[in-house]
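Q: Sequence and predicted structure, then a few things I'm wondering about:
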Amino acid sequence: MANQQEDKEEEKPNKWATKSWKYISSLRQESPLIQCITNYVSMDIMANTLLAAGASPAMVHSILEIPDFTPHTQSLLINIGTLTPDWLPAMKAAAGVANKMGKPWVLDPAAVGASSFRLDACLELIQLKPCVIRGNGSEIICLDLASIGSTKGADSLHESSDAIEAAKSLAKSSGSIVAISGSVDYVTDGERVVGAHNGVPMMQKITASGCAVTALIAAFVAIDPTNVFEATTSALSVFGLAGEIGMAMAKGPASLRMHLIDSLHGLDQDTVLHRVNIQSFP
């Protein structure tokens, strides 16, 4: 009897899986408008990821449109991947409008350690209080140290676990939830740390897959802006789960990209409840 009871307990969805399904089902019902000021490389996969998940993407980055458009969005994503001096004022203006309107916004500091221009831009943006900062291990370490280097373009030279203490420090100094992408995706508010263990290594071979998951974070946060930690963690796990399902049909990175997007679109309740893998970090 005891063993049967234990088996039943193991079969029950945990609270993280239940939350993750709530976010994805609510996203499909509400279809929030997500403004993405992002790089040229990521626009396509980011828009398709948001559409597949149930959100409505808008790649609006002109500073002339910010005053009219941004107030009507449910959340904002800023990604500095192909940053130019012309884009930075629009990013800052959009973040300012989001703050004024009480809307959440998310920062993706792509390749922040590659130049002082990128680093300075990100430090200025962080002053505008993003609710989430999502980067790879090297990007989070660079931001915490406020120092360039330790990076290979947009690729990380660190495992996500190497950046946990830097992420906690950055979360405390910025007031943001900080997420680190890698073989395990970690999320921290400066005190709590959880790991989203879904995903497959080949996802790192898809250009802008990290940008795409940041967009999904922005969508989940739009659904529940009062529980940013939970929304961020759930988005990372759901995206990784879609990658796991897609990998079963893929022959390489190109077909994984297609199957990942299809799998995200087709996620059902049973799969989410039994395959989301989120664990507290000791």
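A: That came in fine, so what should we check first? Residues are numbered from 1 along each chain as shown.
Q: quick one, what contacts the spatially most central residue of the chain?
A: Among the residues of the chain, Thr214 comes closest to the average C-alpha position under C-alpha atoms, centre = their mean, at 2.6 Å. Contact partners of Thr214, counting by C-beta atoms under 8 Å, 6 or more residues apart in numbering, are Leu77, Asn79, Val106, Asp108, Arg134. All C-beta atoms are positioned from the backbone trio N, CA, C, and that covers glycine.
Q: Now, these that are in strands?
A: Leu77, Asn79, Val106, Asp108, Arg134 (DSSP state E).
Q: Buried ones only from those, please, as a PyMOL command.
A: In PyMOL syntax, the buried subset of the ones in strands among the contacts of Thr214 is picked out as below (16 or more other C-beta atoms under 10 Å):
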select buried, resi 77+79+106+108+134
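Q: Columns distance to Thr70 and pLDDT on top of the ones in strands among the contacts of Thr214, output as JSON lines?
A: Putting the ones in strands among the contacts of Thr214 into JSON lines (distance: C-beta to C-beta, whole Å; pLDDT from 0 to 100) gives the following:
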{"residue": "Leu77", "distance to Thr70": "12", "pLDDT": "98"}
{"residue": "Asn79", "distance to Thr70": "16", "pLDDT": "97"}
{"residue": "Val106", "distance to Thr70": "14", "pLDDT": "98"}
{"residue": "Asp108", "distance to Thr70": "17", "pLDDT": "97"}
{"residue": "Arg134", "distance to Thr70": "20", "pLDDT": "97"}
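Q: Dump the ones in strands among the contacts of Thr214 to CSV, plus distance to Glu165.
A: Converted to CSV, the ones in strands among the contacts of Thr214 look like this (distance: C-beta to C-beta, whole Å):
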residue, distance to Glu165
Leu77, 26
Asn79, 25
Val106, 22
Asp108, 21
Arg134, 17
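Q: what about Asn198, which SS state?
A: coil (DSSP: H, G, I helix; E, B strand; the rest coil).
Q: since we're on it, how many residues are nearby?
A: Neighbour count for Asn198, taken as other C-beta atoms under 10 Å: 22.
Q: how about the helix or strand where Asp68 lies as CSV, C-alpha atoms only?
A: Element membership for Asp68, per DSSP states H and E: helix 66-69. The C-alpha atoms that make up helix 66-69 are tabulated as CSV, following Å, rounded to 0.1, in the frame of the first residue of the first chain:
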residue,chain,number,x,y,z
ILE,A,66,6.8,54.6,-29.3
PRO,A,67,4.5,57.3,-27.9
ASP,A,68,1.5,55.9,-29.8
PHE,A,69,2.2,52.2,-29.9
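Q: Please work out which residues outside stretch 192-209 touch it.
A: Residues outside stretch 192-209 that contact it (C-beta under 8 Å, 6+ apart) are 16, 39, 41-42, 45-46, 81, 164, 167-168, 183-188, 229, 233, 236-241, 243-244, 247, 250, 252-253, 256-257, 260, 275-281.
Q: right, and the helix or strand after the helix or strand of the chain with the lowest mean pLDDT?
A: The weakest-scoring helix or strand in the chain, judged by mean pLDDT, DSSP states H and E, is helix 2-11 (a mean of 44). Sequence-wise, the next helix or strand downstream of helix 2-11 (DSSP H and E) is helix 15-30.
Q: got a list of contacts for that following helix?
A: Everything outside helix 15-30 that qualifies as a contact, by C-beta under 8 Å, 6+ apart, is 13, 53-55, 194, 219-220, 223-224, 230-231, 233-235, 237-238, 267, 269, 272-276, 278.
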